[in-house]
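S.K.: Need a 3D model of the sequence below.
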Amino acid sequence: MRNTIIGIIIGVVTGVMIGATVVAPSLKKAHEGQLRAPENAIPAGAETLGNDLIGTNSERRPSPATEQLASAHRLRIVSLYASKTPILGELPQRLKAALPAASGGRLAVSVYDPGILVKSTDTLNAVKSGTIEAMFATPSQFDPDAAVLQLFTAIPFGPDAQEYLAWYYHGGGRELFQGAMKKRGLHTTLCGAIPPTSSGWYRAPVRSSDDFKGLNIRATGLGGEVLAKLGANIKHLNVGNILSQFEQGELDGAEHSLPSIDAQLGFQKFARNYYFPGWSQPATLYAMAFNAQIWKDLTASERTAISTICGDNVRHALTQADASQFDALKNISLSGIQVRRWPDGILHDLKDAWKTVTRELVQKDPDYAKTWNALQKFRADYAIWHEISRSE
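M.R.: Have a look, this model is predicted:
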């Protein structure tokens, strides 16, 4: 099937030729303007004390509707993906649209692009301090130095989305993830997932594993460590700097995301070889991270509403992404890009390098080892079920 898809694509081509105290001024505006309760939420002449309304007459009581408005929670969510980014930028916006109704009007949600309220690099600290309520990102972005969080983001040669989510929701993964985040003063809720990404754009074809030696490659997470084992120079660049580095000749290759997202960014202007399969990210998870105290202060029904909408985000992102990638890949091919599949020999060497990377992490990081071993036990049992239940 994979060779058939590649053949179709080739045929098409042939036929046509961040500190939490460093807050932007807009945050003050958000507090003073759009974030305060509507004026009509408080009866004329009344004072406020916490969440209770005190009338000018001590016997005066607010109406139930007024009490609800006064006690509503406002959530400011900073997404590390611009709202115009296909799929990923849309997921926080779905929370903004759905949560007010799902919570019976008790949750008012605002979503901000990266760098609007706080610097992107200050977002996590802003959540920890309570300066903002929540952020949307991959788990690895909640603490880039924590190897264990990479196991809740994307695993080289790891489980596909169905197996990954089975482990997360029903095999103990969620408890391990939330335990790791609790240590960091955060509560997390899985809020998105996508199928395999590409495995990178390269200026020149990669013919053998030796060709990785000395290449400057933008890569992230565990996949970047694998490429480093094969001699690549890994550059940790944010999305905004990738194209400029390509343009300046500082990059030989870069991995990023799905074809529909990559095409919008314009990688095809600088690199003409697009590689699959996405060995470094067979599935990728995304989550909401909340300040722990803010999450605790939400009511049970409000927390349920957030978890429910986030769960629907997982379904929505997976199905939308899978449904839309062929058209994106076809358009990329029509622009003259060579869509390539890694030779079996290179995939074998990448997998061997991955085994070395994870073995080293297990030996030196107890948190990583605990999660890795739990995942491997689940996968061993799942493999038996998968083999006996599938026709292919």
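S.K.: For this protein, which residues score under the pLDDT cut-off?
M.R.: For the chain, the stretches with pLDDT under 70 are 1-71.
S.K.: Domains in it, by residue range?
M.R.: 38-70, 140-389 (automatic domain parsing).
S.K.: Those into CSV, with extra columns for mean neighbour count?
M.R.: Quick note: C-beta positions are derived from backbone N, CA and C, even for glycine. What follows is the domains of the chain, written out as CSV (neighbours: other C-beta atoms under 10 Å):
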stretch, mean neighbour count
domain 38-70, 12
domain 140-389, 18
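S.K.: can you redo those as JSON lines with distance to Lys96?
M.R.: What follows is those, written out as JSON lines (distance: least, C-beta to C-beta, whole Å):
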{"stretch": "domain 38-70", "distance to Lys96": "18"}
{"stretch": "domain 140-389", "distance to Lys96": "10"}
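S.K.: and of the ones you listed, who's closest to Thr85?
M.R.: Checking these against Thr85 by C-beta to C-beta gives domain 140-389 as the closest, at 6.2 Å.
S.K.: Endpoint to endpoint, the closest one covers what distance?
M.R.: Start-to-end span of domain 140-389 (C-alpha to C-alpha, to the nearest Å) is 33 Å.
S.K.: chain center to it: distance?
M.R.: Domain 140-389 sits 9 Å away from the centroid of its parent chain (C-alpha atoms, centre = their mean, to the nearest Å).
S.K.: What segments of the stretch 101-250 of the chain are helices?
M.R.: Ranges of helices in the stretch 101-250 of the chain, per DSSP state H, counting those that start in this stretch, are 123-129, 147-150, 161-170, 173-182, 221-229, 239-247.
S.K.: other SSEs contacting the following helix or strand past the last one?
M.R.: Going back to what we said before, that points to helix 239-247. On the C-terminal side of helix 239-247, the closest following helix or strand by DSSP states H and E is strand 253-254. Applying 3 or more C-beta pairs under 8 Å, 6 or more residues apart in numbering; DSSP states H and E, one finds that strand 253-254 makes contact with strand 200-202, strand 216-218.
S.K.: Need the residues that contact whatever helix or strand comes next after strand 253-254.
M.R.: Downstream of strand 253-254, the first helix or strand assigned by DSSP H and E is helix 259-265. Helix 259-265 is contacted from outside by 84-88, 198, 201, 239, 242-243, 256, 268, 274, 321, 324-325, 327-329, 331-332, using C-beta atoms under 8 Å, 6 or more residues apart in numbering.
S.K.: Swap in 6 Å and give it another go.
M.R.: With C-beta atoms under 6 Å, 6 or more residues apart in numbering as the test, helix 259-265 has contacts from 86, 256, 324-325, 328-329, 332.
S.K.: do the same with stretch 195-203
M.R.: Stretch 195-203 has contacts (C-beta under 6 Å, 6+ apart) with 161, 252-255, 257-258, 267, 271, 273-276, 278-282, 321-322.
S.K.: and with 8 Å instead?
M.R.: With C-beta under 8 Å, 6+ apart as the criterion, stretch 195-203 contacts 160-161, 215, 217, 219, 223, 251-259, 262, 267-268, 270-284, 318, 321-322, 325, 342.
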